[in-house]
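K.L.:
any chance you could fold what I've pasted below:
(4 chains)
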4 protein chains.
Amino acid sequence: MSELIEQFAHIIEQSSEEDITILSDYLRNFEKKQQGEFSTYLSASLNMTRTLDDQSSVVSIPNTAFIHNTMAIPHGGILAVLIDTAMGTLANSKCPEGFSAVTTNLTIHYLSVADEASISAHARMIRSGRHTMVIEGNIVQEDGKHIATATGSFFIIPKK
Amino acid sequence: MSELIEQFAHIIEQSSEEDITILSDYLRNFEKKQQGEFSTYLSASLNMTRTLDDQSSVVSIPNTAFIHNTMAIPHGGILAVLIDTAMGTLANSKCPEGFSAVTTNLTIHYLSVADEASISAHARMIRSGRHTMVIEGNIVQEDGKHIATATGSFFIIPKK
Amino acid sequence: MSELIEQFAHIIEQSSEEDITILSDYLRNFEKKQQGEFSTYLSASLNMTRTLDDQSSVVSIPNTAFIHNTMAIPHGGILAVLIDTAMGTLANSKCPEGFSAVTTNLTIHYLSVADEASISAHARMIRSGRHTMVIEGNIVQEDGKHIATATGSFFIIPKK
Amino acid sequence: MSELIEQFAHIIEQSSEEDITILSDYLRNFEKKQQGEFSTYLSASLNMTRTLDDQSSVVSIPNTAFIHNTMAIPHGGILAVLIDTAMGTLANSKCPEGFSAVTTNLTIHYLSVADEASISAHARMIRSGRHTMVIEGNIVQEDGKHIATATGSFFIIPKK
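P.N.:
Alright, predicted model coming up:
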């Protein structure tokens, strides 16, 4: 273990300011996961927060360098992570006990570049059937800029 | 900085075996990013490798707990990251100098659960026009199992 | 020409009641096309009506046996015709002079079976850019039943 | 009935050469439907032919003014009819007895304008599961020009 700590100290030494920000965010959220505040490594590393009500769900992440692509804008795939998580949260909340919902397909249109400090995906149920669900997802900024619109299908399966 | 190291040491103390694996992967790849082996924090944290030839591109990541959802299977959004990166790598390789390609939309069908140690997305050009490109993406395992199939559109814009 | 009329008379002789309905609808709308009420053979044969305002467009067709598939329900492709036409009508109304809009891609989710006498697709602009547009389309019945939801991308090109 | 024939004669009188072609195609195929060569009015009016083998299905229609939009090119929705029919034919051929397959969603990318005399959509099974299928569809011309690429999901339901 002490090797890992030495390696970490070495990384810190050669870190830029941005590196330090990324590392301290990572550690803080990793620790929160250890304390049960996040359910997965991925949601911890993205610092994902969720709210859910009867009709819709919202999943938010901070817009940091961690999620940027080589053009220094949020990676389209990470927006897919966000939208799929918001949709999946809603889908699972509507499953009967003993069942869960898996994404069967997802279509995303990228409309403009997210440039606010936080990015939030909203999911809204379009149709909830016995075997499948269709859910709409949108990323819209506080300033009204529409970042992405999506539709997804979910299939309801017995939990293992 | 020494506070960060203390925090890290504290995290290590309370880490499970899986936590340690995730942390040491993260540090190793973070260090590689500092050495220029990865171009983004995201590609480092996913340990992404790429190959590109004239006709297609392949992007691979290891299938670790880092990318798993609450059902302990790879998050569909991360497969979207993988596919979008493979497509974007190919798209950008085909842009004229001074131009780059941005994803305008992406449709993914999830076919089965990835259960091999590595996950690879292959991108193949369907149509390359002056303003737009359409690219196909597939995740197929070594054992032949088809994990996901996707199509995406890209728009060619002048680089800033 | 008299041969065509003889053939038509022969078809009439062996027609079922449904055949007669289909044929008389077809003739009535063909004649209207000759009088300039429809712009294409397709819109005439589907008896398509359109309304357009600043924000949205609506295209409607009667739900007759003419558009049914072998399961005696409206063919999913015809719903695509309807949605694409509503989207395209809106897209073209928003193009600058000398330009028109072509569909680059279309995603449709089929939600339930249309069973009212008329089927209407509503198109709503999601994002209108200089080169591309993203439009949402929905088929919802008078009784509130949601038949289909769709998103489409359009590319703006100079008219020939 | 004689009124219909009079109306038809009247339409013929004021018909352009193109009108006559459209009308005689329509009648010829309507008669074939009466003789059992087409199963629906729609497939008759589009003069649709199908072939099916174990792995794929092909559906073809002639590229006539009947399917053209106001820009005098094949209506994108009609290409959707063609692709959905090819996919559905394949999907239904793979259903167990007593079951049929319905389209749950369809994504089409339009790549270029069909300008040959005939348009053919090929469907190929991507994944055939117990409850759902994913099928790929393509329209490619004899001269190699790629017109459209599509993916669709089908749900398997008991026949009524």
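
K.L.:
what residues of stretch A:121-133 count as buried?
P.N.:
A:121-123, A:125-128, A:132-133 (16 or more other CB atoms under 10 Å in any protein chain shown). No exception for glycine: its C-beta is placed from N, CA and C like everyone else's.

K.L.:
may I have the phi/psi pair for the residue most central in space within chain A?
P.N.:
Centrality entry for chain A: nearest residue to the mean C-alpha point is A:L82, 3.3 Å, by CA atoms, centre = their mean. Note on A:L82: its backbone torsions stand at phi -60, psi -50 [degrees, to the nearest 10].

K.L.:
identify the residue nearest it in space, chain neighbours excluded?
P.N.:
Nearest residue to A:L82, sequence neighbours excluded (CB to CB, 6 or more residues apart in numbering or on different chains): A:A121, at 4.3 Å.

K.L.:
what's near enough to touch that neighbour?
P.N.:
A:58-60, A:79, A:82-83, A:85-86, A:137-139, A:148 (CB atoms under 8 Å, 6 or more residues apart in numbering or on different chains).

K.L.:
if it is in a bridge, with which residues?
P.N.:
Taking DSSP bridges, one obtains A:V59, A:I139 as the residues bridged to A:A121.

K.L.:
could you do A:G152 as well?
P.N.:
Beta-bridge partners, per DSSP bridges, of A:G152: A:L106, A:I135.

K.L.:
can you count the residues close to it?
P.N.:
29 (other CB atoms under 10 Å in any protein chain shown).

K.L.:
right, and it touches A:N138 too?
P.N.:
No: counting by CB atoms under 8 Å, A:G152 does not reach A:N138; the two are 11.8 Å apart.

K.L.:
now do the buried residues in the helix or strand where A:T104 lies.
P.N.:
Per DSSP states H and E: A:T104 is located in strand A:99-110. In terms of neighbour count (16+ other CB under 10 Å), strand A:99-110 has its buried residues at A:100-110.

K.L.:
next: stretch A:40-55.
P.N.:
A:40-48.

K.L.:
so is that stretch next to chain B?
P.N.:
Yes: interface with chain B: stretch A:40-55 contributes A:40-42, A:45 (CB under 8 Å from any CB of the partner chain).

K.L.:
tell me which of the residues you listed is nearest to A:L52?
P.N.:
The nearest member of the residues of stretch A:40-55 next to chain B to A:L52, counting by CB to CB, is A:T40 at 16.5 Å.

K.L.:
ok, that closest one touching B:T70?
P.N.:
Yes: between A:T40 and B:T70 there is a contact at 6.0 Å, judged by CB under 8 Å.

K.L.:
hang on, the earlier thing: okay, the buried residues of stretch A:121-133 in a markdown table with secondary structure next?
P.N.:
As requested, the buried residues of stretch A:121-133 are exported to a markdown table (DSSP: H, G, I helix; E, B strand; the rest coil):
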| residue | secondary structure |
| --- | --- |
| A:A121 | strand |
| A:H122 | strand |
| A:A123 | strand |
| A:M125 | strand |
| A:I126 | strand |
| A:R127 | strand |
| A:S128 | strand |
| A:T132 | strand |
| A:M133 | strand |
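
K.L.:
from these, pick the one nearest A:A65.
P.N.:
A:A121 (19.8 Å).

K.L.:
ok, now how distant is the closest one from chain D?
P.N.:
20 Å (CB to the nearest CB, to the nearest Å).

K.L.:
A:F155 too?
P.N.:
7 Å.

K.L.:
elements contacting the helix or strand harbouring that residue?
P.N.:
A:F155 is part of strand A:146-158, with elements assigned from DSSP H and E. If you count contacts as 3 or more CB pairs under 8 Å, 6 or more residues apart in numbering or on different chains; DSSP states H and E, strand A:146-158 packs onto helix A:76-93, strand A:99-110, strand A:118-128, strand A:132-140, strand C:99-110, strand C:118-128, strand C:146-158.

K.L.:
show me the shaky parts of chain A.
P.N.:
Chain A contains residues with pLDDT under 70 at A:1.

K.L.:
chain C contacts on chain A?
P.N.:
A:107, A:109, A:111-112, A:126-127, A:134, A:136, A:146, A:149, A:151, A:153.

K.L.:
what sits against the closest residue in space to A:V102 that isn't next to it in sequence?
P.N.:
Nearest in space to A:V102, with sequence neighbours left out and distances taken as CB to CB, 6+ apart, is A:F155 at 5.6 Å. A:F155 sits next to A:101-102, A:104, A:131-132, D:131-132 when contact means CB under 8 Å, 6+ apart.

K.L.:
among those residues, which one sits closest to chain C?
P.N.:
Among the contacts of A:F155, A:T132 lies closest to chain C (CB to the nearest CB), at 9.4 Å.

K.L.:
could I get the contacting residues of that closest one?
P.N.:
Counting by CB under 8 Å, 6+ apart, A:T132 has contacts A:104, A:153-156, D:104, D:155.
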